[in-house]
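Novice: just coords:
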């Protein structure tokens, strides 16, 4: 059964917090939420990790393949991956010895649409 | 005379630093540049200021009209506006007693397009 709530959900850009910045002033709580999301992105190592995962086959990568290209220790890489996961940009799954991180494409799109007039 | 360089400039999305995150891994210097830009955005007061300016008539606002809605002191508001101006999101012009801040729409669009697959 398709409820009214489901229909509404489909039309709200997947639950993004905010209207585009150029459309209307942001409220206090929306601004806090968006700032926290942007803060998770606003780090060179995290941006590079996200772009490596996003451009990998299937938009997924093993943590074992992320340490070398970034040139940071594995604990540091894991710390950054945790922040990206908690912010909703990545999902983590464990297979065998290693953790795999996959992109959540909608998360980047939500932020992009808030910045664009769309 | 239209040189090859000018043609290239026109096709690079207005000088944005980076290809979309999901297209290819970000290089070290591009990641540092994008992180600095996102950091300028990643603050609740700055996001609210930017959205007020952006949704004002002519996408411009007097600093005298920005203090009350944000609920911060004028020096604090001016500090945030300076960060947004230095990051290229706003331009500042002085007319009479007051400073006016105008949106640079391209700046938000550049960041938005890097986050989107566009």
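Specialist: That came through fine. This structure is a prediction, so every number in the text was calculated from the model and none was measured.

Novice: Does chain B have contacts with stretch A:93-101?
Specialist: No: Stretch A:93-101 stays clear of chain B (Cβ under 8 Å from any Cβ of the partner chain), getting no nearer than 14.0 Å. Backbone N, C-alpha and C define where each C-beta goes, glycine included.

Novice: list the buried ones in that stretch?
Specialist: Applying a neighbour-count criterion of 16 or more other Cβ atoms under 10 Å in any protein chain shown, one finds A:99-101 buried in stretch A:93-101.

Novice: Just the residues you listed: which are in strands?
Specialist: A:99-101 (DSSP state E).

Novice: which of the residues you listed lies closest to residue A:83?
Specialist: Nearest to residue A:83 out of those is residue A:101 (Cβ to Cβ; 11.8 Å).

Novice: wait, isn't residue A:30 in contact with residue A:17?
Specialist: Yes: assessed by Cβ atoms under 8 Å, residue A:30 is found in contact with residue A:17 at 5.0 Å.

Novice: what touches both of those two?
Specialist: Residues touching both residue A:30 and residue A:17 (Cβ atoms under 8 Å, 6 or more residues apart in numbering or on different chains): there are none.

Novice: if we can go back for a sec, ok, of the ones in strands among the buried residues of stretch A:93-101, which one's closest to chain B?
Specialist: Nearest to chain B out of those is residue A:101 (Cβ to the nearest Cβ; 14.0 Å).

Novice: Grab the nearest non-local neighbour of that closest one.
Specialist: Leaving aside its chain neighbours, residue A:101 sits nearest to residue A:90 (4.6 Å; criterion: Cβ to Cβ, 6 or more residues apart in numbering or on different chains).

Novice: And the helices in chain A, which stretches?
Specialist: A:4-10, A:28-41, A:44-54, A:67-70, A:74-86, A:105-115 (DSSP state H).

Novice: which of the ones you listed sits most buried?
Specialist: Comparing the helices of chain A by mean neighbour count (mean count of other Cβ atoms under 10 Å in any protein chain shown), helix A:44-54 comes out on top with a mean of 24.

Novice: Give me the most central residue, chain A.
Specialist: residue A:89 (1.8 Å; Cα atoms, centre = their mean).

Novice: wait, doesn't that one sit right on residue A:50?
Specialist: Yes: applying Cβ under 8 Å, one finds residue A:89 in contact with residue A:50, separated by 6.0 Å.

Novice: between those two, what contacts are shared?
Specialist: Residues touching both residue A:89 and residue A:50 by Cβ under 8 Å, 6+ apart: A:41, A:103, A:108.

Novice: okay if I get those residues as TSV plus pLDDT?
Specialist: Shown next, in TSV, are the shared contacts of residue A:89 and residue A:50 (pLDDT from 0 to 100):
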residue	pLDDT
A:41	97
A:103	96
A:108	92
